Each structure stands twice: as structure tokens, then as C-alpha cells.
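S.K.: 3D, please:
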Amino acid sequence: MDWLGLIFYFVIIIPSSIIHEYAHGFVADALGDPTARYAGRLTIDPRVHIDRWGTILLPLFLFFISSGRFLFAYAKPVPYNPYNLSYPKWGPVLVGIAGPAANFLLAATFALVIRLLPGSSLAPLLAIIVYANLTLMVFNLVPVPPLDGSKILYAILPDSAAQVKAVLDRYGFVIVFVLVFFFFRLLSPVIEGLFALLVGQG
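M.R.: Presented below is the predicted three-dimensional model:
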């Protein structure tokens, strides 16, 4: 990826992360929790979703320390109250997977455009949109809080695993930090495999 591509990736991953958060709020609202709507977060207006660290400083920092090899960003998490949801056990799971699902739909849509316009000069830029959204999807499905995958994990863990949940809740941010800065490459084969499947490579 050249410098122009990296800049485009930076521009794309921010709105993609905002749509990710909007999807959380939309599904929570549909399931009976108006918290995001009352907080003014049920919108794609970037001004209410941008997090100074996660949306601006973190991707810039990662860009420079990795010499442009790695970029990641996140928007300000949309608030929701799980006790308001229609389904106490699985409601949080539906809210949690809504964000990654939105990113997958974006990736699949632009991948379809690439397939329908083979050889188009826009294909490299469209491919970056696909890759950025797959990155957000896969990373957020890691089952560690505060990532969305933890909601799925917590729903299927038995009550006897309360201590495991407590440890993850306490050290989740540390684990995510270590993953982002030292082990993100372990997720790359999954992202690249999905990318190849969607755009028809390999």
C-alpha cells in the first residue's frame, strides 16, 4: 500500500468505525433501549462519535511507529443499558454483533462493486475500504472486553465461569492493548482470507 493508499485508509477507517458504533445504538434502540437516542448518539454525524484518542491520535500514532504498516481506529462507544433490552441474555449479544455486522456489510458491498467492475481504476481504493472494514470486524470480534466479542463469550459462558469474567473485566483493556501493539499480526491471516474470499482473489 502506497502513501496515498495509507492516507485513504486513514480517512476510511474513521467513518467505518462511526457506522460500527451507530449500528450498536440502532439495534439497542430497536430492542427497547433508547439510551443512545436520548444521548444524541443515534446518528452518523461524526461530531458526536469522534474520540480524540481512539479516532485521531491512536491511528496517527500507529501509523508512524509502524512506518505505515498498521492502522486501527475506534469511535466513542455508544452507550446502552442492557437491562432495557427485550432479551436479557441474548440482547447484549445482538447489540454487540451489530457493529461487526455493519462493517461486514460495508466490506461485502464494496467487494461486490469490485467484482462487478473488474479492472476498474477505482478497484485499489475500493479494496482499501473492504480491508479496513474487515479489520474492524475481525478485531472487534476478539472475545475480550471491551470488544464486541466479549458479549458473545459472556452469553455462552456458564455461571460457574464468573471468575473468568471478573478477570477479563479487570484486565481486558490491558489484553487489548497488548494485542493491538504486539500480536495484531495474528489476526492478519483471518482478515486477508476473508478479503480474498469477498473480492474473489485466490
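S.K.: low-scoring stretches of this structure, by residue?
M.R.: Residues of the chain meeting the criterion pLDDT under 70: 1-6, 66-70, 202.
S.K.: Please, where are all the helices along it?
M.R.: For the chain, the helices defined by DSSP state H cover 3-30, 35-38, 58-65, 91-116, 123-140, 149-156, 162-178, 188-199.
S.K.: which residue is nearest the middle of the chain?
M.R.: What sits nearest the mean C-alpha location of the chain, by Cα atoms, centre = their mean, is L136, with 3.4 Å.
S.K.: Contact partners for that one?
M.R.: Counting by Cβ atoms under 8 Å, 6 or more residues apart in numbering, L136 makes contact with 13, 16-17, 20, 99-100, 103. C-betas here are computed from N, CA, C, even on glycine.
S.K.: and with 6 Å instead?
M.R.: 16, 20, 103 (Cβ atoms under 6 Å, 6 or more residues apart in numbering).
S.K.: Return the member of those nearest to V144.
M.R.: H20 (16.9 Å; Cβ to Cβ).
S.K.: ok, now how distant is that closest one from A101?
M.R.: Counting by Cβ to Cβ, to the nearest Å, the gap from H20 to A101 is 9 Å.
S.K.: neighbour count winner among these two?
M.R.: Shown here are H20 and A101; by other Cβ atoms under 10 Å, H20 has more neighbours (27 against 16).
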